[in-house]
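>>> Fold the stuff below for me.
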Amino acid sequence: MSTKWLKTLGAGLALSVATTAVSAETLKVVTDPSFVPFEMMDQETGEMIGFDMEIIAEVAARAGFDYDLQTMDFNGIIPALQTGNVDVAIAGITITEEREQIVDFSDPYYNSGLRILVREGSDMDELSDLEGKKVGTKIGSTSYDYLMANLEDDDGVTPYPGSSDMYMALMSGAVDAVFYDAPNVGYFARTKGEGKVTTVGKLYEGQQYGIALVDGSKWVEEVNDALASIKEDGTYKMIYEKWFGPMPEDGM
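Model prediction:
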């Protein structure tokens, strides 16, 4: 075995190790632990589970990075990305022009909208019925912004730090309705709120969720490629139907 060949082999191995090290870079990923069924704490294991948690696991594996998962209230997520305290966020984050000015977004991975949730027997079924009423929503969410922009009498709009807080407020009678992301209110109505609350009316303000990254992140293309991959090979459909039931014919 020649010295030249050994040097070439050594250089190749070094390159391989370096490439592996880069691909195994550990990123700080943050989520909001209260946005069911996208992300929530498994009370038995103490692990975060949900639709978003399975999506980010697949994306990380295919994009080539490891990650440390952290949790925080939703209203702190965008500021954490702005300051560089975290690298990536997945928490049912709606892609908006305002947010796109300060963080990078992946391609959309979920189509959503806003929905009204009321107690069983309520006669409210559209946005105009919320005028002057006590309405629970979430701090820092697009649902709060929508209410403030579309209700003339918005004094009763009450933002809560977590979705569980506003749902408990609704069932206890502290608020008359909740206005929030459709999949989240629908999931609550089908589970803990079954027989007590119900979704009503149409879907407001069609929205798309994206994975948010630090502005200028080098991982945007890899994340988009990973998202495209899980949609193409059926993995996305499998995860979707696990958490939401049959996937619409038009995709996400």
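
>>> which strands and helices sit next to the helix or strand encompassing residue 231?
Residue 231 is part of helix 220-232 when elements are defined by DSSP states H and E. Under the contact criterion of 3 or more Cβ pairs under 8 Å, 6 or more residues apart in numbering; DSSP states H and E, helix 220-232 touches helix 51-63, helix 235-244. Glycine gets a C-beta too; all of them are placed from N, C-alpha and C.

>>> Check which residues of the helix or strand following the first one are buried.
So the one you mean is helix 51-63. The C-terminal neighbour of helix 51-63 among helices and strands, as given by DSSP H and E, is strand 66-71. Within strand 66-71, the residues scored as buried using 16 or more other Cβ atoms under 10 Å are 67, 69-70.

>>> what ranges of the stretch 1-150 of the chain fall below the confidence cut-off?
For the stretch 1-150 of the chain, the stretches with pLDDT under 70 are 1-23.

>>> I'd like the next helix or strand past the lengthiest strand in the chain.
Identified as the longest strand of the chain according to DSSP state E is strand 197-209. Sequence-wise, the next helix or strand downstream of strand 197-209 (DSSP H and E) is strand 212-214.

>>> Sheet-wise, list the partners of that following strand with their directions.
Sheet pairing for strand 212-214, assigned by DSSP bridges, gives strand 88-89 (antiparallel), strand 103-105 (antiparallel).

>>> residues in contact with residue 180?
Contact analysis of residue 180 by Cβ atoms under 8 Å, 6 or more residues apart in numbering lists 114-115, 117, 136-138, 141, 143, 163, 166.

>>> switch to 6 Å and redo it
Contact analysis of residue 180 by Cβ atoms under 6 Å, 6 or more residues apart in numbering lists 137-138, 143.
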